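Structural data only, the sequence is not supplied:
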């Protein structure tokens with residue numbers, strides 16, 4: 001056996017060890033879901049929700065259900081601020097009126113206007129506008145496609161009451177409706193979540209996640225500039241850097257796989273990877289250690305007739321397809337049978353995307369006025 005083959009086999013074995021650890025972390029998190037029970041400190045909470053433009057009727061129905069999961073947990077200590085694009089005013093006004101009837105304790109404030117364009121980051125444009133309506137001492141920013149499990153708001157209040165600068169939530173995908181949506185699920189459940197769960201075991205960090213990020217309003221006003229944040233693609237990362245330490249909430253929220261078309265799904269997947277590469281270049285580079293498929297592919301490119309390389313490549317590919325299935329199963333994600341081809345191509349898509357992030361290829365965020373050629377952040381350190 002040659003030295004090259006030993007290196008490649010060792011590479012595959014080390015990656016397999018990580019995937020076994022990752023599956024254990026996912027399974028453990030899935031078992032603990034729903035077990036969180038915390039007290040409810042008396043903290044006022046302003047919940048920010050901005051509704052994106054350009055989605056189909058089915059996607060808006062999913063957003064409605066997701067946002068309602070927050071409204072259902074609200075009481076007299078909380079308010080929800082909803083940014084509604086003008087073209088969606090009619091349908092959302094009826095939804096909000098229904099929420100007011102079903103939960104009269106919930107204070108719901110609506111800002112209906114043209115989608116803001118004064119910030120390069122469209123989400124931050126909305127957050128800045130909604131901030132002018134916020135009355136509570138603590139703010140919770142959460143994307144519109146996030147589903148709040150039972151006990152989320154109380155758990156976040158508990159973390160804030162303990163004096164941490166920022167409380168944030170990891171997220172997972174549990175339901176996939178369109179086959180291509182499995183690509184979002186694979187990124188979140190297999191690539192992103194295990195690492196977050198592992199880091200969460202060491203206590204506080206400097207990483208926040210836009211799925212749910214809560215902090216004292218006063219601390220935000222003292223440490224963060226709207227001008228800087230509005231020009232930043234990774235706004236949650238910057239908040240963690242400026243306002244940390246960050247504590248991971250024990251409740252894992254859920255996000256929706258909204259992608260239904262192949263090209264937008266691939267762009268979304270690439271943007272996720274590219275943002276990670278910009279924010280944590282050294283950490284992202286270390287992901288090469290769990291990409292042995294690239295090594296086998298390079299071996300084939302240099303020695304097309306080397307049968308060991310072909311066996312290793314096919315074997316590694318098959319193993320990673322099993323990893324995809326096992327990861328989604330461990331976290332309780334349901335996906336359609338038609339998603340088999342996405343799971344089959346994921347090992348290659350992952351390798352190609354990782355390599356592509358190192359080239360000067362810009363990204364697009366739907367609703368933004370411009371393409372992004374960098375994350376627009378000041379990064380004090382890596383790690």
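Yep, that arrived. Note that this is a predicted model, so its numbers are computed, not measured.

okay, and for the protein, where does confidence drop off?
1, 34-41, 203-204, 206, 366-370, 377-383 (pLDDT under 70).

Do you have the strands of it handy? List them.
Using DSSP state E, the strands found in the chain span residues 45-50, 78-85, 107-113, 138-141, 146-147, 166-168, 171-173, 213-216, 246-248, 253-255, 363-364, 371-372.

Deepest-packed of those strands, please.
Comparing the strands of the chain by mean neighbour count (mean count of other C-beta atoms under 10 Å), strand 166-168 comes out on top with a mean of 27. All C-beta spots, glycine's among them, are computed from the backbone N, C-alpha and C.

elements contacting it?
helix 152-161, strand 213-216, helix 235-243, strand 246-248 (3 or more C-beta pairs under 8 Å, 6 or more residues apart in numbering; DSSP states H and E).

mind giving me CSV with the strands of the chain and columns for distance to residue 235?
Putting those into CSV (distance: least, C-beta to C-beta, whole Å) gives the following:
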stretch, distance to residue 235
strand 45-50, 12
strand 78-85, 15
strand 107-113, 19
strand 138-141, 9
strand 146-147, 15
strand 166-168, 12
strand 171-173, 16
strand 213-216, 9
strand 246-248, 14
strand 253-255, 16
strand 363-364, 14
strand 371-372, 12
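
Which one of those strands lies nearest to residue 11?
Closest to residue 11 of those is strand 171-173 (C-beta to C-beta; 28.1 Å).

Would you mind listing the outside residues contacting the closest one?
Outside of strand 171-173, the residues within contact range by C-beta atoms under 8 Å, 6 or more residues apart in numbering are 29, 146, 181, 184-185, 188-189, 193, 209, 211-212, 252-257, 331, 333.

ok now that strand, how far from the chain's centre?
7 Å (C-alpha atoms, centre = their mean, to the nearest Å).

Then stretch 183-190?
The answer for stretch 183-190 is 9 Å, by C-alpha atoms, centre = their mean.

Over to that stretch now: how far is its first residue from its last?
10 Å (C-alpha to C-alpha, to the nearest Å).

Mind listing residues that contact it?
Outside stretch 183-190, the residues that reach it (C-beta under 8 Å, 6+ apart) are 22, 26, 171-173, 176, 255, 257-259, 265-266, 268-269, 272-273, 323-324, 327-328, 331, 333, 335, 342-343, 346, 349.

From the chain's centroid, how far away is stretch 160-171?
16 Å.

Columns distance to residue 285 on top of the helices and strands packed on strand 166-168, output as JSON lines?
Listed next are the helices and strands packed on strand 166-168 as JSON lines, based on distance: least, C-beta to C-beta, whole Å:
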{"stretch": "helix 152-161", "distance to residue 285": "31"}
{"stretch": "strand 213-216", "distance to residue 285": "26"}
{"stretch": "helix 235-243", "distance to residue 285": "17"}
{"stretch": "strand 246-248", "distance to residue 285": "23"}
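
what's the closest of those to residue 282?
Of all those, it is helix 235-243 that lies closest to residue 282, at 14.5 Å by C-beta to C-beta.

Show me what that closest one is packed up against.
Counting by 3+ C-beta pairs under 8 Å, 6+ apart, helix 235-243 packs on strand 166-168, strand 213-216, helix 217-223, helix 226-230.

rerun at 10 Å
helix 122-131, strand 138-141, strand 166-168, strand 213-216, helix 217-223, helix 226-230, strand 246-248, helix 262-279 (3 or more C-beta pairs under 10 Å, 6 or more residues apart in numbering; DSSP states H and E).

most packed of those?
Highest mean neighbour count among the helices and strands packed on helix 235-243 (mean count of other C-beta under 10 Å): strand 166-168, a mean of 27.

The helices and strands packed on strand 166-168: which one's closest to residue 224?
helix 235-243 (5.2 Å).

relative to helix 122-131, how tilted is that closest one?
60 degrees (axes from the mean of the first three to the mean of the last three C-alpha atoms, to 10 degrees).

For helix 235-243, what is the distance to the chain centroid?
The answer for helix 235-243 is 15 Å, by C-alpha atoms, centre = their mean.

Show me what counts as buried in the longest helix anywhere in the chain.
When the chain is parsed with DSSP state H, its longest helix is helix 3-32. For helix 3-32, burial by neighbour count (16 or more other C-beta atoms under 10 Å) applies to 4, 8-9, 11-12, 15-16, 19, 22-23, 25-27, 29-30.

just those residues now: which is nearest residue 155?
For those, the nearest to residue 155 is residue 29 (14.4 Å; C-beta to C-beta).

I'd assumed residue 252 was in contact with the closest one.
Yes - counting by C-beta atoms under 10 Å, residue 29 touches residue 252, with 6.0 Å between them.

Quickly list what's touching both of the two.
Shared contacts of residue 29 and residue 252 (C-beta atoms under 10 Å, 6 or more residues apart in numbering): 170, 172, 193, 196, 197, 200, 331.

what sits against the fourth one?
I take that to be residue 196. Contacts of residue 196 by C-beta under 10 Å, 6+ apart are 25, 29, 168-172, 188, 205, 207, 209, 248, 252.

And it, how far from residue 31?
Note on residue 196: its distance to residue 31, by C-beta to C-beta, to the nearest Å, is 17 Å.

again, but for the fifth one
With distances taken as C-beta to C-beta, residue 197 is found 12 Å from residue 31.

ditto for the first one
Using C-beta to C-beta, we find residue 170 at a distance of 15 Å from residue 31.

I'd like the distance between the nearest residue to residue 327 once chain neighbours are set aside and residue 183.
Distances taken as C-beta to C-beta, 6 or more residues apart in numbering place residue 190 nearest to residue 327, at 3.8 Å, with adjacent residues excluded. Residue 190 sits 11 Å away from residue 183, going by C-beta to C-beta.
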